[in-house]
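Asks: I would like the atomic coordinates for the input below:
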Amino acid sequence: MIHANADVRRAGQTNGRQTEERWLGQEIGSVEFGSADFDRFGLRLEAETDRLRDMWRNRALSSAGPVIGFELEAWLVDRNFFPAPDNQSFLARLADPLVVAELSRFNIELNGTPRPLGGEGLGLIEREMAQTWQRCLAAAHGDVDTAIAIGTLPTLREADLSSASMTPARRYAALNKVIMEGRGNVPVPIHIDSVIEAGSPLVTQHRDVMLEAATTSFQLHLQVPSDRFVSIFNASLALSGLLLALSANSPFLFGHALWHETRIPVFEQAFAGPLAEGEDPGSRRVGFGSGYLDVDPLRLFEENLRDHAVLLPVMQDGEAGRLPHLRLHNGTVWRWNRPLVGFDPDGTPHLRLELRIMPAGPSLIDMVANAAFAYGALFALAEEGGDVAARLPFARARGNFYAAARHGLMAEQAGLRGEEPPPRPGPAAMVPAAREGLLRQGVARALVDRYLDVIEVRLASGQNGAEWQLAHYRRHGDLFGLTADYLENQRSGMPVHEWRV
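Replies: Here you go, the predicted model:
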């Protein structure tokens, strides 16, 4: 989830397939930066922000889309279900440019090929993910490890998150150094309450950025024509609570049962600790953001420039037209709904949405079903017309998001049409709209039925990943047995609503 060059991408061609070449593998020369480095980078960043503004004003941004893609972060675990710090040997064996290292030695990330949403696009995403996942499992077995997709690993220990577990790359060391220096090299406090019956709060502190490695996500990308970006982005904010409630899969950390999506407070607190009394949550580098967009999508990039200090002043010569400094800086501001700048295969710049809301797991079919619901609901809400902010004020959208993180499917959610809803209406009311949204985008009806039927049955059963984990632990009281059974169920390919406790 955290990258030194996060989300700096470039459209290209590999083996006849359209891919996005990530700069994640690009190493940097030094972990030491002086004030002159930050000054030079700041000047480039300001110039590129102005350049992007000109592109928007001159209608030079792409009108292509909708195009979809994904990133799946996962864990390597050993035969005892502890994190296995073997991603270097794993990646050498796998030799797949679409599978890359993450911050920790026990995390990896699978990237999907961008595809049109219409037609068979979602089915192709599922097939590609399944094929890549099987190759990952085979490669992991070379170290007597396996791979597991889960938001937070129940067997993770605090000692696993030391600097010794950091993936050996100067870009990660540099990011850690700059962030720690910004804290005054003092530990960051962590305090996460428990909303789970008989759970206990987590109170600890951490001395580096490695706490973020406790969280893994299933991140969705959606490129739309630039003139539709604002409505799609605003819809993503309004729907965040529903998407998180639907997909929650991260109730345990360090032996504590905390939130249904503990991944959310962990990542937010890993950088700055708990929110202080009176602190504006919209000012944080990691969080839900500062508000809906008006008519201008570039406000977020200008907010990056104004409100967030440069973390990695790595100069990129000869790439000014591709806005490398703006994209690198944007990659160090971790909104749960994040705008990205990329490039079409012909070099035309585009805007796309990165949905960072949903956790990894539980099964491949669950994740693709989550994606189908998200894309369909986004288009359904964005195309309704009217002012999303009037129907669901930003404060309520943010409240929905954190209520879902705390309580999952049992969260009370403010309605999307300004009404006071009955308690716990959940995402079920959006399923028909999501179906219609997908069909209007030309998605094959058989795929719409395949994925949204999974969502409907999950909602009827009341069992998502977090609910299954909590029920399993209440019955058996064993996080290692929980992880073993979770892994067996994940390998079966069954959706989570079919998993037995």
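Asks: and the residue positioned nearest the centre of the chain, how far is that from residue 199?
Replies: Geometric centre of the chain, nearest residue: residue 356, 2.6 Å, by Cα atoms, centre = their mean. Using Cβ to Cβ, to the nearest Å, residue 356 is found at 25 Å from residue 199. Glycine gets a C-beta too; all of them are placed from N, C-alpha and C.
Asks: how far away is the residue nearest to the centre of the chain from residue 334?
Replies: Using Cβ to Cβ, residue 356 is found at 7 Å from residue 334.
Asks: in PDB, list the C-alpha atoms belonging to the longest helix anywhere in the chain.
Replies: If you go by DSSP state H, the chain has its longest helix at helix 35-57. The C-alpha coordinates for helix 35-57 follow below in PDB (Å, rounded to 0.1, in the frame of the first residue of the first chain):
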ATOM      1  CA  SER A  35      17.300  21.400   1.500                       C
ATOM      2  CA  ALA A  36      18.400  22.200  -2.100                       C
ATOM      3  CA  ASP A  37      16.900  18.800  -3.200                       C
ATOM      4  CA  PHE A  38      13.500  19.700  -1.600                       C
ATOM      5  CA  ASP A  39      13.700  23.200  -3.200                       C
ATOM      6  CA  ARG A  40      14.400  21.900  -6.700                       C
ATOM      7  CA  PHE A  41      11.700  19.300  -6.400                       C
ATOM      8  CA  GLY A  42       9.200  21.900  -5.100                       C
ATOM      9  CA  LEU A  43       9.800  24.100  -8.100                       C
ATOM     10  CA  ARG A  44       9.200  21.200 -10.500                       C
ATOM     11  CA  LEU A  45       6.100  20.200  -8.600                       C
ATOM     12  CA  GLU A  46       4.700  23.700  -8.800                       C
ATOM     13  CA  ALA A  47       5.400  23.900 -12.600                       C
ATOM     14  CA  GLU A  48       3.900  20.500 -13.200                       C
ATOM     15  CA  THR A  49       0.800  21.400 -11.200                       C
ATOM     16  CA  ASP A  50       0.400  24.400 -13.400                       C
ATOM     17  CA  ARG A  51       1.000  22.300 -16.500                       C
ATOM     18  CA  LEU A  52      -1.800  19.900 -15.500                       C
ATOM     19  CA  ARG A  53      -4.100  22.900 -14.900                       C
ATOM     20  CA  ASP A  54      -3.300  24.000 -18.500                       C
ATOM     21  CA  MET A  55      -4.100  20.500 -19.800                       C
ATOM     22  CA  TRP A  56      -7.500  20.700 -18.100                       C
ATOM     23  CA  ARG A  57      -8.200  24.200 -19.300                       C
END
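Asks: so which elements touch whatever helix or strand comes next after it?
Replies: Per DSSP states H and E, the first helix or strand lying C-terminal to helix 35-57 is strand 67-77. Here strand 67-77 touches strand 107-111, strand 115-116, helix 121-140, strand 146-148, strand 218-223, helix 364-382, going by 3 or more Cβ pairs under 8 Å, 6 or more residues apart in numbering; DSSP states H and E.
Asks: run me through the strand neighbours of the fourth one, direction for each.
Replies: Which is strand 146-148. Within its sheet, strand 146-148 is paired with strand 67-77 (antiparallel), according to DSSP bridges.
Asks: do the shortest one as well
Replies: Strand 115-116 sits in its sheet next to strand 67-77 (antiparallel), going by DSSP bridges.
Asks: mean confidence (pLDDT) on the partner strand, please.
Replies: Strand 67-77 shows a mean pLDDT of 98 in the predicted model.
Asks: tell me what the helix or strand following it is packed against?
Replies: Following strand 67-77 in sequence order, the next helix or strand is helix 87-94 (DSSP H and E). With contacts defined as 3+ Cβ pairs under 8 Å, 6+ apart, helix 87-94 has these neighbours: strand 99-101, strand 107-111, helix 121-140.
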